[in-house]
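Student: Provided below are the primary sequence and the corresponding predicted coordinates.
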Amino acid sequence: METTRNSGFEAVIVAGGFGTRLLPLTKHRPKHLLEVAGVPFLEHQIARLAQAGADHVVLATSYHADLFEPILGDGSRWGLRLSYVLEDEPLGTGGAIRNVAAALRPDPDAPIVILNGDVLSGHDLGGQLADFARPRDGRPVEVSLHLVEVTDARAFGCVPTDGAGRVTAFVEKSDDPVTNQVNAGCYVFRRAVIDTIPAGRVVSVERETFPGLVADGHVVVGFVETAYWRDVGTPEALVAASAELVRGVGTSPATPSSDGDRWVATDADVAGDAVVDGGSTVCGGARVGAGALVRGTVLMPGAVVEDGAQLTDAVVGPGARVGAGARLDRVTVGDGVEVPADARREAGSRLE
Ligand code: GDD
Ligand code: MG
């Protein structure tokens, strides 16, 4: 996807959720740092922001907040400044955005890009910024929302728009979705809007801020795009996203180069007759034994697959070990778990 480059904008990544749907992988780490296509997830987002022209990215963290900086550093790797703002108690998505206001430059009209910290998107962020900068009926846009079409909208925020692209409602997670057009978790806010969010309390941007802005007649617009997009918030989605990046179905400037079928870290150890394919990743220090089959699977750092084991669309946490001859299809294995030899586990199981 072609991305128009803008110069020097600021961005916020809300990355303080508990990642409950990814348990047990998120017991000891936030989902934002789980390896996807061989790198901690946030690296995909930061690299994309840098590519689009961001010069300052603020991470709004809470759960396991101390783990981010040692891994991501000061941003110099991407040629931008990375800062961290901690919530002692999670303030919700809107509260998190309000809480970083002091870390942003004061210009009230500046466009601030805000990302949910678990979405992978190939959409034209530069195009969204350009669209945001275009007044509607002489009035400035207050918020632009990247919107995508999904087949089942129940897990998302539904966002109907009118013929001119103006958002007419925002309905977070309903059993009876009013549209299949949903919030993709990438916003552009006019800087001044952030200061209107109440400070010091829990606020949901989806349940309070967006419906409130729409009800009050502010200019909130949708930026609809069909490029590759995924929320990686479940094990199934994380595994699929990782394989899609390795296979080039999805794109990210942070994906390490691969042969299109697998990515194996230089310090991983894969037996000569093992089969590793389907977009699998074998992270640093991981090992795959003789005759093993690893397909569409994520092996996190130090994970071990013993001889003859067969894994399909699975994710194996750091330091976990899958015993010889075991067969795992769509299974999540938590950090350090020992899966017995010849074990069979039902699709969808989570081992901890
Ligand atoms: N700092 C901070 N504090 N971050 C938070 C908090 C908080 O209290 N609560 C959630 N977050 C972060 C999460 O870590 C994640 O990066 C982001 O906010 C969104 O939270 P999720 O828990 O992943 O929400 P979701 O996937 O159910 O729904 C959201 O994303 C959908 C698109 O993927 C909503 O924004 C939906 O409207 C949207 O359709
Ligand atoms: Mg999510």
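Tutor: That came through, no problem. Ligands and ions are numbered 1, 2, ... in the order given.

Student: So which residue is smack in the middle of this structure?
Tutor: With the centre of the chain defined as its mean C-alpha position, the nearest residue by C-alpha atoms, centre = their mean is residue 118, 2.0 Å away.

Student: and it, what pLDDT?
Tutor: At residue 118, the model reports a pLDDT of 98.

Student: Contact partners for it?
Tutor: Counting by C-beta atoms under 8 Å, 6 or more residues apart in numbering, residue 118 touches 17, 19, 31, 32, 41, 185, 231, 232, 233. In this view, the C-beta of every residue, glycine as well, is placed from N, C-alpha and C.

Student: Can you list which of the residues you listed are found in helices?
Tutor: Here DSSP state H is the test, and the contacts of residue 118 give residue 41 as lying in helices.

Student: just the contacts of residue 118 that are near ligand 1?
Tutor: Counting by C-beta under 6 Å from any ligand atom, 17, 185, 231, 233 from those sit close to ligand 1.

Student: What is the nearest of the residues you listed to residue 214?
Tutor: Among the ones next to ligand 1 among the contacts of residue 118, residue 185 lies closest to residue 214 (C-beta to C-beta), at 17.4 Å.

Student: Does that closest one touch residue 120 like I think?
Tutor: No: contact between residue 185 and residue 120 fails when scored by C-beta atoms under 8 Å: they sit 10.0 Å apart.

Student: Output the contacting helices and strands for the helix or strand bottoming out on mean pLDDT in the chain.
Tutor: Least confident helix or strand, the chain: strand 344-345 with a mean of 94, by mean pLDDT, DSSP states H and E. Packing contacts for strand 344-345, counted by 3 or more C-beta pairs under 8 Å, 6 or more residues apart in numbering; DSSP states H and E, involve strand 327-329.

Student: Identify the residues contacting the helix or strand following the strand it packs on?
Tutor: Sequence order places strand 332-333 as the next helix or strand after strand 327-329, per DSSP states H and E. Among residues not part of strand 332-333, those counted as contacts by C-beta under 8 Å, 6+ apart are 24-25, 235, 303, 314-317, 320, 322, 339, 349-351.

Student: quick one: is the strand of greatest length in the chain near ligand 2?
Tutor: Counting by DSSP state E, the longest strand found in the chain is strand 181-190. No: legend: contact between strand 181-190 and ligand 2 by C-beta under 5 Å from the ion is lacking; minimum distance shown is 6.7 Å.

Student: mind giving me the domain split of the protein?
Tutor: 9-231, 257-351 (automatic domain parsing).

Student: contacting residues around the residue in the chain positioned nearest to ligand 2?
Tutor: For the chain and ligand 2, the shortest gap (C-beta to the ion) falls at residue 233, measuring 3.7 Å. Residues in contact with residue 233 (C-beta under 8 Å, 6+ apart) are 19, 21, 22, 31, 118.
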